[in-house]
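# here is the input, now give the coordinates:
(chains A and B)
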2 protein chains.
Amino acid sequence: MSHNDPLRLGIAGLGTVGVGVVKIVRRHAAMIEARTGRQVAISAVSARSRDKDRGVEIGHYDWEDDPVAMAKRDDVDVFVELMGGSDGPAKAAVEAAIAAGKHVVTANKALLAHHGQDLALAAEKAGVMLRFEAAVAGGIPVIKALTEGLAANEITRVMGVMNGTCNYILTRMYDADLPYETVFDEADKLGYLEADPQLDVGGIDAGHKLALLASIAFGTQVNFDGVELEGIEHISIRDIEQAADMGYRIKLLGVAQMTGRGLEQRMSPCLVPATSPLGQLEGGTNMVVIEGDSVGQIVLRGAGAGEGPTASAVMGDVSDIARGIAIPTFGTPAHRLAPAKPARATVPAPYYLRLELQDKPGVLAKVATVLGEAGISIDRMRQYSHDAVTAPVIVVTHRCAKSQIETAREGLRATGVVVAEPVAIRIEKV
Amino acid sequence: MSHNDPLRLGIAGLGTVGVGVVKIVRRHAAMIEARTGRQVAISAVSARSRDKDRGVEIGHYDWEDDPVAMAKRDDVDVFVELMGGSDGPAKAAVEAAIAAGKHVVTANKALLAHHGQDLALAAEKAGVMLRFEAAVAGGIPVIKALTEGLAANEITRVMGVMNGTCNYILTRMYDADLPYETVFDEADKLGYLEADPQLDVGGIDAGHKLALLASIAFGTQVNFDGVELEGIEHISIRDIEQAADMGYRIKLLGVAQMTGRGLEQRMSPCLVPATSPLGQLEGGTNMVVIEGDSVGQIVLRGAGAGEGPTASAVMGDVSDIARGIAIPTFGTPAHRLAPAKPARATVPAPYYLRLELQDKPGVLAKVATVLGEAGISIDRMRQYSHDAVTAPVIVVTHRCAKSQIETAREGLRATGVVVAEPVAIRIEKV
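Numbering: from 1, shown residues only, chains lettered A, B, ... in the order given. A predicted model of the protein is given here:
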């Protein structure tokens, strides 16, 4: 087929993103052809309901009830998978498309986090592209930056705030001085939460994205099971305020780095300096920070979700394919990706500790003793004035291992002077 | 030639960036081959002096005194131009390389700002790549983001702080409360300034970069002559302080946008909100902000200069070529780029005015009258307490045209109540 023939899309899934893709193809057909040298057209669409009003005309595209059938159509060159879900129809249709020699563009982080290696191998074998810019950080072209622009760097660390809902909740708690539960309900009413909210607030969605970035950054097979996951459900307004008081913000931060002990992938609430780009990130915006041995630190910021931004990313991949750009799914050819060996322990860091102590003599001494016995030295400590029978104490430690923090927490419980479970949050150097 | 043959580089220019490129090729040969599927090797190097100690071993590469000769060598596939200069040897060598069918990777913004269209046409005709990621914003992969990642967006505005030296000077003036001249001398001693400092503080270097971004963003032929240039030499510590007092920072900001009146390209000091990503950008770091109709606002931040970051960008382009990625120099094929029609007037904006007035009755009334007659309405006005015979007054206007500001400045001079030339700085909405 000549490059002067149109590149024909089959779009499976006509939710927010699918509709956005249709709109871009309709609005910018001439511009995309001028830039890529090839016309991009839609052959067929598929979704659960044909008759829903989507605010965009789709009647002149062929309709398919079955995405797998659409994936195999002779008049489809690129199968655009926007259905979602790690298994089921999305997986079946992507596999069918690859087997039929179609390129695939997807926004489906769950699918790739769970089956990325197998799908990338299949695409490689079939000689087709499998691309997923829209799956990570919405409109931010971070997959392209990491895979291509920074290809000559040994990546030392990738970090990101990649779940807009969590960042909205944490920012809103701080701005409005509201407890987690209240803001969670607000977010729910605003429609910000996934059907299963654990995907957002449990860090799973962001963890999927981190696993994809880590694969590209470190040349390893996607390993979502290796991501240490911790959500934001236990973050209290108290912690947010007291962190702020010491110059920090709390973010659901993903961090991936290769260490001597293996690949470390963490998605967890962290304290970051309030004046850092990550600390200043408010609301639903996403940010990815990439550190390379030559380039130093690169920060990318933009909308992490929504019709326009996500469709922009999908169409960026489609434009690449129209231009004939061939890139392995995870940067390195899939057969050369090494199995990821999860790190047995995380890189040491300072920790923020919040302790609720009995208000009586000798209590602070006991705390100091327990921390000292765990080998933890104290950078800063603040006791806040209080009118209750318990005294809130904030400790910022020097760098220590997570295992030392666990030891200290056990020791603190054993003293009987802590009246609530001690809170420990990592302070990430950004 | 099979893709299993090495991609052979000829490097012209062994200054900071050239040495950085040699180091990356030596350090990361295996990694680059794993990622791109092709070995990258250096065949020959060229520079002014062969014997200088550069801290990196170059003795085993062929030496060429003449970059044009190197550009034509049979064992060079990619000519890497790191000499600099808009004309002379750099231009001759790049032309020779293209004519000889070699790909070209360059960090030379001046060359492309002045001859980009001709060179891009020549490269297109010869079927070779001419790439320049390193020419704009150092290590930030902004050319790639704009050209490829955001290819399906109609770009509405591109902005950037792209001269680290100017941003260093402005930030340092504010932080240390020092006058321009003092910080300029400091920057000079630190080696931050170009041999001709006007390239930095006059906005020329950053203007070159803006013209390149505008070409990609708007599908127009590079038009550096169409850039309205204004340097930072007249920015006083007083303006920086009073802007800060009202919640702004002063940045040398490049802005390109397509308007109904033509392509607007401005490189000038602007006020931006202190809390915006641009306002928060400190020291020598660069930032580019891209706004597209689908993606919204994308912000990219990183080191704008230096050995590692710039070499990372050069090697990003080299990696693309090793992968067989073919992209027109300015995104759209050169023969389809439209001539840029410079806008006859800039988009209206609020302005910051600093007036030094005689300290006597009726003076403020005269100022208000002049502004009113120019059709300028006042958003905020502050008179500062003073012990001299003149009274400093700061005015923030509502949105108005630059021509209205010029009319008002003339009117103010004519009143005889201003004792120094009125300062006017645009407030850019970011």
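# so what's the residue in the stretch 251-400 of chain A that chain B sits nearest to up against?
For the stretch 251-400 of chain A, the residue closest to chain B is residue A:315, as judged by CB to the nearest CB, at 3.3 Å. C-beta: built from backbone N, CA, C; applies to glycine. By CB atoms under 8 Å, 6 or more residues apart in numbering or on different chains, residue A:315 lies in contact with A:21, A:24, A:25, A:32, B:151, B:152, B:294.
# figure out how far the helix or strand harbouring it is from the centre of its chain.
Assigning secondary structure by DSSP states H and E places residue A:315 in helix A:307-322. Mean-position distance between helix A:307-322 and its chain equals 18 Å (CA atoms, centre = their mean, to the nearest Å).
# farthest pair within the contacts of residue A:315?
A:21 and B:151 (13.7 Å; CB to CB).
# now the helix or strand just after the helix holding residue A:315: how far from the chain's centre is it?
Using DSSP H and E, the helix or strand that follows helix A:307-322 in sequence is strand A:351-358. How far strand A:351-358 lies from its chain's middle: 29 Å, per CA atoms, centre = their mean.
# go on, stretch A:133-146?
Per CA atoms, centre = their mean, the centroid offset for stretch A:133-146 relative to its chain is 10 Å.
# and the end-to-end length of that stretch?
11 Å (CA to CA, to the nearest Å).
# ok, that stretch near chain B or not?
Yes: judged by CB under 8 Å from any CB of the partner chain, stretch A:133-146 comes into contact with chain B through A:133, A:139, A:140, A:141, A:144, A:145.
# out of these, who's nearest residue A:54?
Distance to residue A:54 across these (CB to CB) is lowest for residue A:139, with 20.5 Å.
# make a ChimeraX selection of the buried ones in the contacts of residue A:315.
Burial among these is assessed by 16 or more other CB atoms under 10 Å in any protein chain shown; the matching ChimeraX selection reads:
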select /A:21,24,25,32 /B:151,152,294
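# in the top helix by length along chain A, what's buried?
Determined from DSSP state H, the single longest helix within chain A is helix A:109-126. The neighbour-count check on helix A:109-126 (16+ other CB under 10 Å) flags A:109-117, A:119-124, A:126 as buried.
# tell me the helices in chain A, going along the chain?
Using DSSP H, helices in chain A cover A:16-27, A:29-36, A:67-71, A:88-99, A:109-126, A:142-144, A:164-176, A:180-189, A:198-201, A:204-218, A:237-245, A:307-322, A:363-373, A:402-415.
# who wins for proximity to residue B:163 among those helices?
When the helices of chain A are compared by CB to CB, helix A:142-144 sits nearest residue B:163, at 25.5 Å.
# re earlier: quick check: the farthest pair among the residues of stretch A:133-146 next to chain B?
The widest separation within the residues of stretch A:133-146 next to chain B (CB to CB) is 12.6 Å, between A:139 and A:145.
# need the residues of the stretch 301-430 of chain A near chain B, please.
For the stretch 301-430 of chain A, the residues found near chain B under the criterion CB under 8 Å from any CB are A:301-303, A:306, A:308-309, A:311-313, A:315-316, A:318-320, A:323-327, A:331-333, A:336.
# one more pass at 7 Å, please.
Contacts of the stretch 301-430 of chain A with chain B, taken as CB under 7 Å from any CB of the partner chain, map to A:301-303, A:308-309, A:311-312, A:315-316, A:319-320, A:323-327, A:331-333, A:336.
# are any of those residues buried, and which?
A:301-303, A:308-309, A:311-312, A:315-316, A:319-320, A:323-325, A:327, A:331-333.
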